[in-house]
Structures are given as structure tokens and as C-alpha cells.
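Undergrad: predicted coordinates and the sequence they were generated for:
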Amino acid sequence: MDAAEESLRKSLAEKQSAVEAQGNAVRGLKASGASKLEIDSAIKALNGLKLDKTTIEKQLQSVISGGGGDSSISKETFRQSVGNTLERRLFYIPSFKIYRGVAGLYDYGPPGCAVKSNVLGFWRQHFVLEENMLEVDCPCVTPEIVLKASGHVEKFTDLMVKDEKTGTCYRADHLLKDFCNEKLQKDLSLTPEKAAELKHVLALLDDLSAEELGAKIKEYGITAPDTKSPLSDPYPFNLMFQTSIGPSGLSAGYMRPETAQGIFVNFKDLYYYNGNKLPFAAAQIGQAFRNEISPRQGLLRVREFTLAEIEHFVDPEDKSHPKYSEVANLEFLMFPRDEQMSGQSAKRIRLGEAVSRGIVNNETLGYFIGRVYLFLTRLGIDKDRLRFRQHLANEMAHYAADCWDAEIESSYGWIECVGIADRSAYDLRAHSDKSGVPLVAHEKFSEPREVEKLVIAPVKKELGLAFKGNQKKVLEALEAMNEKEALDMKAALESKGEVDFFVCTLEKNVSIKQNMVAISKEKQKEHQRVFTPSVIEPSFGIGRIIYCLYEHSFYTRPSKDGDEQLNVFRFPPLVAPIKCTVFPLVQNQQYEEVAKIISKSLTANGISHKIDITGTSIGKRYARTDELGVPFAITVDSTSDVTIRERDSKDQVRIPVTEAAAVVKGVTDGLTTWEDVWSSFPHHT
């Protein structure tokens, strides 16, 4: 626990004891008939202790909620203000709204579609184009065999509990997480020991088994949120939407829970397309589907969402990156697992230092962490509310070499928006084993190399006589042995003549005799090295990034008269849904003609814009477009010159009509800045 929080909790507990003791003393004086002076003095001391207790409570609440007093209320108010603005201006709305909607499904409206399109366009520019990636587009419906090989059919589950009276389902870990957070944030009487216990539970939440999760729910008396009824024991629920392919219903399939598997199964063809050379990366943008148990938090947890994923295939013996030096000097908030385990906070670390010290496993992983940082901050994510958190040992998949999450702070707390993982060679091996197609790469030697190789030669005739219909499964298991297993078998056969051997596909031991297999080491000349590539995988939750961008971009400012607060989204021109508005100052035929000329020029330059010729005041028109995050407004008040207003500073410059579109294009394309414009043209008030 944070030292300040621990100290304040101790002080509060001591002060509470002092208040209770003084209260007893006052009651004792009254019961004994003490003088009014004594009683008044004791009451005054009691009130002083209560005042001290209130002061400590406020300090503790401030520390818990990150400073600024009771910010939990302001966070809720802020979130509501952002959400109301987004829905009112049709950035997004609940799907099937006229039918009361469906939890976890949302529609993007016109400005939301434009923001999403701009984010994805920049993602393609920043990753696919700049890194020469191979983009693919695979079906959403995936055959069951593919997702069995990847482990999703067996393991893609969350633990669920049911309201024993109504049957309503909840995610077990969410209920426990909400309970712990609420106690920590609102129960100021918690002892430091109890607070530390709850924080420990939160830290280990992802690692709790169904039994441990159920035990904690019972221990803390957690009930169904809506009815307060008892809950069932937690049990696994597979999050994939199941379907069938074809009219017979015999071919099982699922709506894909991620886009990565489409890339893995196409590795062989992509490797050939790339000239049989490593490293290379493949990328895919597409819809993914997860049947969330209890979706909540708006766009942060939904049942259908857009993923943008990269699979960078690399030689496991060489994970250097030729462009690593371009990001090595970036410095940003990193949260390594050692700091998490020791209760410290994220701190600024230079990326090159993190890689050289082994905090980040390798250069290629570090390179993509740096590129993700640049992508998010250029979109408009606040760099002070962005951190890269390393997975704890209990979060890591057994095959992963290292994994980091780009987490963005929002009113909901720290939200995982991008996962950057070194997945080793797990995925390609899994699909190779299941499909029988080797998904491997080759390194050709300039000269042949002599190597000692293990040779396992099963004798098919003897295996057939002994195992009949199971011959193939036993043969495959023998050929799949690693070197240690094979040499141990060889030694046992030479000393005993037979050995028990476990065949996983038969789920039992079989007896292997000396005449059934020959195991030896032979010297061979090799002209190439054959290996399964490792995979570095950055995976982007686009909806989550966009929601955090909305929050980071939102602010309010007073109207000109100061009688109301106006909403503003400070989107960078890069992602703004509309780049520019064109306003004739008054309803005038000549001004409207000039506005149409400027509009044509903007269209020719590919700049999204909107003309507003309503008769409302220019101030109200500015306010309407500020609420949509439009960065620039061109006001037509003559036939030769116009003003261009910048949204956040509200500064204006005077520009010839013929140059207006080019100036806006230069700034929105990032070729110039508003500061350049401000210094190049006359200012206007």
C-alpha cells in the first residue's frame, strides 16, 4: 500500500479510538453528576477530536482518489458530461435503441464513424505503410478446428456466477473487483491491514482459480447486485459466439474472438509472398466478437468491436531490429513487474535503458512499444496518463517471453488498450501440429554445415502387429519426442528391452519393445536451418482507444457572456471528424458564393468540412462546431479575404480567399502548424 495512505489509515484508526474514549468520558461525567464546567470542557475536547478525525478523513479520501478532494464525484460527473455530449452529438448510441437496446452493442454515428476512420487511417499509415507490413482481410466466421488448435475452444473462458433466484449472470471477478474497490474508496474506517489485504486480492485477481474466487465471494458476503440474493459457485463460460457453417449444421464454427488466427494460418503463403525472408509483419483490421457475461463501461467492454493486430515474425535467435535506434531515446511511464510487486508506482524510464537492463525482453519488442507510444500520443492521448505495464508472472501465458500493456487512464481508472507480447513460436507450432502443414522458415547456409542429428526411425511393421488400429497414433507420438525423451528411451530399451511410453492421443501408456523403434545420433550435412519463427504481437482495441481519446480531449470553457459552460473536444486535426467549417458571417448572396468556392477547393484537397449558412450568431455557430471538435473555422466576411479561427486558442488570422484551403490542408496534414500560420498572416480580432 502507498505509504501516505497507510499512515493516514493508522492515524484515522487512532483518532477514532480517541473519539470513542472521549465520548465514554463525557457520558461518565454526566452519569456521575460532574460540574457543568467539567462536562463542557470534556465536550469541547470531544468536538476537537471529531474535527481532527474529519480532517484526516478528507486527507485520506484525497489520497485514495488521487488528489483534489473527493474526485470520485467529479470523475462521475465528468464521465456523465462526456457521455451525454457523445450521445447527443451522435458520436455513438446504444444499438437497437427503439427496442430498448442490447447490452454491449453500440452504433457509431456520423462524427464517431469519421473519428474511427481517421484513427484507422493513421494506424495504417503509422504501421502498415511505414513498416512495409502485409495487410490481410480474413473472414469473421472461423471453423472450429482452427480455434481448437489455438486453444480458444478449451480455454477462452471467464468465470461466471448466477443469481440463485433470478438466474441473472455476472462475471465473478468483476463482482469481487467492484467490492474491493468500493471498500477501499468509500470505507475510511478500514484498517491498514484490511486495506492491504483487499489490494493484494486485486493484484492477484487474474490468477484466482474458480474455487479461490468462490471462497473470496463467500468470505466477503458478496451477493447479486440487483436482488442481493445468494450467488452460485463460479464456473467457466466460453466467450465465443458459436455458429454452424452450411445448411447441414454439421460443420461447427465460431465468430472469431480475435483477428490474429487468420494471419497465423496464412503464414506459409505470406512467407512465400515476402520472398521467403524474415523478419516480416502481417497486419489485419477487422471485427471481433466476444459474448461478454455482463458488459459495462460503454465502449470499453462490448460484444462486437474492432481490433487492429500485427503479427511480426522474427528469427527466435535474432530479435534485434534495424530501426530500434529511432525509438531507443523515448522516455515515458513504464511499470515493470518488480515495481508492481513491491508496491511502487510507474516511473519514467528511457526505452533504451529498459531494453539494455533486460526489463524489456528484446529489441523488437522494445521497438514496437516505442512505436505504440508515438501512435497513441500523436492521436491525442495525454502522455502523462499513458503507461506501459508489464504483465506479472501470474498473467503471462506459459509460452510468452514477455508482455506489456499500454494502459490509458480514464474516469474508469487505468484501461488496457494495447497489448504488446512476445508470443514465442507457440501459435505457428500449434497450427502446424493440428493441420500437419509445417509453418516454418528457412535460413540457407553459404556453406554446408556438419551437424549431429537425432534420428527416430519407428518400425511400422512391428508397430502395426502390436497396436493394429492405433499404429498411427503411436508412430506420431514416437516421432514427436524431444531429444531428452528419445535418448532416455534408447537407454531404457538397451538395458531392459522394453519401456512404458505415454501416448497423449490415446491417453494411456503403451509398451514399446526394442524391435519397434531405432534411435540414433548421426552426423549429417545441412544446407539450411529450418525453424519456427517467433511472433511479436501488438494488438489494438480501437474502441477503447477512441473512448479514452474522447475523455482526454474533452473540456469545458465559459461562454462569451460567462453565463454557461460550453463543451469542447480538442481533437488534433489528424483525428477530428470534420477538419473545417465555413461560415458566411451574415446571410449575403456574395458571401455565400465565396463560401461555395472555398468549399469546392477544400473538397478538391480532400478536407472534410461543413458549410453553415444559418442565420444564428457566429458565436453560437463556433460553439456548435467546437462541441464536435472541429479544429478550424473559416468565416467569410468579404469577397477577397477571410478569417481562420483556431478552436482551442480562439485566435484568428486574416487570409486571402484563394489561399484558405491550402492553409487548412497544410495544418491538417501536419505539414505546418498553427504557430506557423499565426506567424505568417495578419492577426484578426
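TA: Structure's in. What do you need? Numbering: from 1, shown residues only.

Undergrad: per-residue confidence at Asp40?
TA: Per-residue confidence at Asp40 stands at 89 (pLDDT).

Undergrad: give the helix, strand or coil label for Ala288.
TA: Three-state assignment for Ala288 (DSSP: H, G, I helix; E, B strand; the rest coil): strand.

Undergrad: in space, what's closest to it - neighbours in sequence excluded?
TA: Excluding the flanking residues, the one nearest Ala288 by CB to CB, 6 or more residues apart in numbering is Leu307, at 4.7 Å. Every residue, glycine included, has its C-beta placed from N, CA and C.

Undergrad: confirm that neighbour sits in a helix?
TA: No - read with three-state DSSP, Leu307 is strand and lies in no helix.

Undergrad: and for it, the neighbour number?
TA: Around Leu307 there are 19 other residues, counting by other CB atoms under 10 Å.

Undergrad: beta partners for it?
TA: Gly286, Gly541 (DSSP bridges).

Undergrad: against Leu120, how distant is it?
TA: 11 Å (CB to CB, to the nearest Å).

Undergrad: which neighbours do those two share?
TA: In terms of CB atoms under 8 Å, 6 or more residues apart in numbering, Leu307 and Leu120 are both contacted by the residues Ile285, Ile542.

Undergrad: what helix or strand does Ser248 sit in?
TA: Per DSSP states H and E: Ser248 is located in neither a helix nor a strand.

Undergrad: coming back round to it: residues contacting the residue nearest to Ala288?
TA: Leu307 touches Glu258, Thr259, Gln284, Ile285, Gly286, Gln287, Ala288, Ser539, Phe540, Gly541, Ile542, counting by CB under 8 Å, 6+ apart.

Undergrad: at 7 Å instead, please
TA: Residues in contact with Leu307 (CB atoms under 7 Å, 6 or more residues apart in numbering) are Glu258, Thr259, Gly286, Ala288, Ser539, Phe540, Gly541, Ile542.

Undergrad: what about it, distance to Arg290?
TA: For Leu307, the distance to Arg290 - CB to CB - is 10 Å.

Undergrad: again with Asp427
TA: On the measure of CB to CB, Asp427 and Arg290 end up 19 Å apart.

Undergrad: the two: which has the busier surroundings?
TA: Asp427 (26 against 21).

Undergrad: now do the contacts for the most centrally placed residue in the chain.
TA: Centroid check for the chain by CA atoms, centre = their mean gives Cys417 as the closest residue, at 2.1 Å. By CB under 7 Å, 6+ apart, the contact list for Cys417 reads Ala406, Glu407, Ile408, Gly541, Arg544, Ile545, Cys548.

Undergrad: quick one: which of those has the most company?
TA: Neighbour-wise, the contacts of Cys417 (other CB under 10 Å) top out at Cys548, 28 neighbours.

Undergrad: that one contacts Glu407, correct?
TA: No - with contact defined as CB atoms under 7 Å, Cys548 does not count as touching Glu407 (9.6 Å).

Undergrad: mutual contacts of the two, please.
TA: What both Cys548 and Glu407 touch, as defined by CB under 7 Å, 6+ apart, is the set Ile415, Cys417.

Undergrad: quick one on the thing from earlier: which one is the residue nearest to the centre of the chain nearest to, not counting chain neighbours?
TA: Arg544 (4.5 Å).

Undergrad: measure the one you found to Arg301 for me?
TA: Arg544 is 9 Å from Arg301, by CB to CB.

Undergrad: over to Trp414?
TA: 14 Å.

Undergrad: Leu454 too?
TA: Using CB to CB, we find Leu454 at a distance of 49 Å from Arg301.

Undergrad: compare those two (neighbour count), which wins?
TA: Ranked by neighbour count (other CB under 10 Å), Leu454 and Arg301 place Arg301 first, with 22 against 15.

Undergrad: tell me which residues touch Gly352, please.
TA: Ala328, Asn329.

Undergrad: can you confirm it is in a helix?
TA: Yes - per three-state DSSP, Gly352 lies within a helix segment.

Undergrad: before we move on, back to that, what is the rounded mean pLDDT of the helix or strand containing the residue nearest to the centre of the chain?
TA: Using DSSP H and E, Cys417 falls within strand 413-422. The average of the pLDDT scores along strand 413-422 is 94.

Undergrad: hey, C-alpha coordinates of that strand in PDB?
TA: Once non-C-alpha atoms are left out, strand 413-422 reads as follows in PDB (Å, rounded to 0.1, in the frame of the first residue of the first chain):
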ATOM      1  CA  GLY A 413      -9.200   4.000 -14.000                       C
ATOM      2  CA  TRP A 414      -6.300   2.500 -16.000                       C
ATOM      3  CA  ILE A 415      -7.700   0.800 -19.100                       C
ATOM      4  CA  GLU A 416      -5.700  -1.700 -21.100                       C
ATOM      5  CA  CYS A 417      -5.900  -0.500 -24.800                       C
ATOM      6  CA  VAL A 418      -3.000  -2.200 -26.500                       C
ATOM      7  CA  GLY A 419      -1.200  -5.500 -25.700                       C
ATOM      8  CA  ILE A 420       2.400  -5.900 -27.000                       C
ATOM      9  CA  ALA A 421       3.500  -9.500 -26.500                       C
ATOM     10  CA  ASP A 422       6.400 -11.800 -27.500                       C
END
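
Undergrad: and the next element down the chain from that strand?
TA: Next along from strand 413-422, by DSSP H and E: helix 426-435.

Undergrad: how about that following helix: buried residues?
TA: By neighbour count with 16 or more other CB atoms under 10 Å, helix 426-435 contains the buried residues Tyr426, Asp427, Leu428, Arg429, Ala430, His431, Ser432.

Undergrad: let me see the confidence value for the nearest residue to the third one once chain neighbours are set aside.
TA: Looking back up the chat, that one is Leu428. Counting by CB to CB, 6+ apart, Leu428 lies nearest to Leu439, which is 4.3 Å off, once chain neighbours are set aside. Leu439 is assigned a pLDDT of 96 by the prediction.

Undergrad: then Met1?
TA: Taking Met1 on its own, its pLDDT is 52.

Undergrad: related to what we said a few turns ago, now, the contacts of Cys417 that are in helices?
TA: Of the contacts of Cys417, the ones assigned to helices by DSSP state H are Arg544, Ile545, Cys548.

Undergrad: residue contacts, the first one?
TA: If you count contacts by CB under 7 Å, 6+ apart, Arg544 has them with Leu299, Leu300, Ile415, Cys417.

Undergrad: by neighbour count, which of those residues wins?
TA: Result: Cys417 is most packed of the contacts of Arg544 (other CB under 10 Å), 26 neighbours.
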